[in-house]
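In: Structure for this input, please:
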Amino acid sequence: MNVAVIGAQWGDEGKGKIVDLLTPHFQVVARYQGGHNAGHTVLAGGTRFVLHLIPSGILHPGIRCVIGNGVVVDPDALFQEIETLAEYGIEVDDRLVISDKAHLILPYHRDLDLLNEARRGDRKIGTTSRGIGPAYEDKVGRRGIRVGDLFEATSLAEQVRENVHARNRLVGDSALEWRPLVEHLLAHGERMRPWVTDVSVFLAEAMKRGERIMFEGAQGTLLDIDHGTYPYVTSSNSTVGGACTGLGVPPRAVTGVLGVAKAYTTRVGGGPLPTELTGPMAERLRETGQEYGASTGRPRRCGWYDAVTVRYSVRVNGLDSLALTKLDVLDGLPQILVCTAYKCGDQVLTEFPGDIRVLSTCRPIYETLPGWSRPTRGIRRFEELPAEAQAYVRRLEELSGVPVGIVSTGSEREDTVFREGSIVGSWLEA
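Out: As a prediction, the model looks like this:
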């Protein structure tokens, strides 16, 4: 059984906790897209870990963690993350595997990212300005530099020189020297060499041995470059198809798909958010849920649960089940609203519109559900949740069109409900 864990909203759904929680049932955790703009937060033993590039399974001994060809890798960020983990006694050793085909984020990509955002003016995407987009642009433009290129000094120097000269023509206020960058990269290559391999072959051999793989996505479905709220999206395929292209595995290798969704909705950066709240309720969700970016610290925009977007994620990804996170953030609210459809002009839409010009005119149609006063935080059995909280979960299942197999009731690993009889249970028992 190989399971893909996918964000079912606009990212920040709590995938880090879910991947970490399920990791003991797998032998390999493989990240397939994005870069160090991801911030997967795991709270284990009272220690808060924020993982940006290395898969969330690294916190468990013996688990091999893969960075696929679909990921863009900033070597400096990678080594900083490795060193931070080492401070907590977590060594990557021979457990880390990096694709020789993964593209590199280099200093000029960060410069170009800042330049691109500045040029957009009022239409800023709200990127993390870490060079992710320009690195993917170079990849698609066939001028990117890959991990495997670090071991060929002559061709690496030629590629870096050409790209740096192009950067210097665009960024007029400063010049970047290419020779020191080449030396820096060659040193990085020697350090990375033990971890670099053909990830497609590595995973195929693992599957032949009967090992179980968890495919870890970053960001969320509504940020997918093809299926998200374009152009306010990330630069990669964060939907389940990205697992195949980003790791070199066939579609049949993905035998289960778990979507992760918050019990409400958040978004960082620009673009439409139909259920967005302002005022005291927005602040209440933000502060209670600590809705600040794990990578950037930026406050997240908050809104009620949007069943239209989650239904869309179910369809695009073929979700088998949902993991519902942060239910405890809603504790104490007298009533809770859920978006069931959109009103766009004279039309009522139950399907997510692909054109953001249409989406920007849509207003949510809400259903009101009773809240609960008894705390859910830390509860680990579904039957022990307040009756209203149980009813809320069941209603989200009906509206979203997929069963909820996991309910998170707090930040710690143990603050989790596994629903009896769910498909998730069968995955873990297989």
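
In: In the stretch 151-300 of the chain, mark out all the helices, start to finish.
Out: 153-170, 178-192, 199-208, 241-245, 280-288 (DSSP state H, counting those that start in this stretch).

In: Just send these back as a markdown table, with distance to V316 and mean pLDDT too.
Out: Yep, even glycine has a C-beta here, placed from its N, CA and C like the rest. As requested, the helices of the stretch 151-300 of the chain are exported to a markdown table (distance: least, CB to CB, whole Å; pLDDT from 0 to 100):
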| stretch | distance to V316 | mean pLDDT |
| --- | --- | --- |
| helix 153-170 | 34 | 89 |
| helix 178-192 | 34 | 95 |
| helix 199-208 | 23 | 98 |
| helix 241-245 | 9 | 98 |
| helix 280-288 | 26 | 96 |
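
In: any idea how far I67 is from the spatially closest residue to M192 that is not a sequence neighbour?
Out: The shortest distance from M192 to any non-neighbouring residue, by CB to CB, 6 or more residues apart in numbering, is to I98 (6.3 Å). As judged by CB to CB, to the nearest Å, I98 and I67 stand 5 Å apart.

In: between these two, what contacts are shared?
Out: Here I98 and I67 have 73, 199 as joint contacts, going by CB atoms under 8 Å, 6 or more residues apart in numbering.

In: show me what contacts the spatially most central residue of the chain?
Out: The centre of the chain sits closest to A218, judged by CA atoms, centre = their mean, with a distance of 2.1 Å. Taking CB under 8 Å, 6+ apart, we find A218 in contact with 7, 11, 15, 31, 33-35, 37-38, 40, 234, 236, 238.

In: In strands, which of the residues you listed fall?
Out: 7, 31, 40 (DSSP state E).

In: Now the residues you listed in a markdown table, please, with extra columns for distance to I406.
Out: As requested, the ones in strands among the contacts of A218 are exported to a markdown table (distance: CB to CB, whole Å):
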| residue | distance to I406 |
| --- | --- |
| G7 | 14 |
| R31 | 20 |
| H40 | 16 |
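
In: Neighbour-wise, which one of those residues leads?
Out: R31 (29 neighbours; other CB atoms under 10 Å).

In: Am I right that it is in contact with I67?
Out: Yes - using CB atoms under 8 Å, R31 is in contact with I67, at 5.5 Å.

In: quick one: common contacting residues for the two?
Out: 53-55.

In: Need the outlier residue of this structure, farthest from its centre.
Out: Distance-from-mean max, the chain, by CA atoms, centre = their mean: T154 at 35.8 Å.

In: I'd like to check the angle between the lengthiest strand in the chain and helix 280-288, please.
Out: Ranked by residue count, the top strand of the chain under DSSP E comes out as strand 335-344. Interaxial angle, strand 335-344 versus helix 280-288 (axes from the mean of the first three to the mean of the last three CA atoms, to 10 degrees): 120 degrees.

In: And strand 335-344, what does it pack against?
Out: strand 305-306, helix 307-317, strand 347-349, strand 363-370, helix 387-400 (3 or more CB pairs under 8 Å, 6 or more residues apart in numbering; DSSP states H and E).
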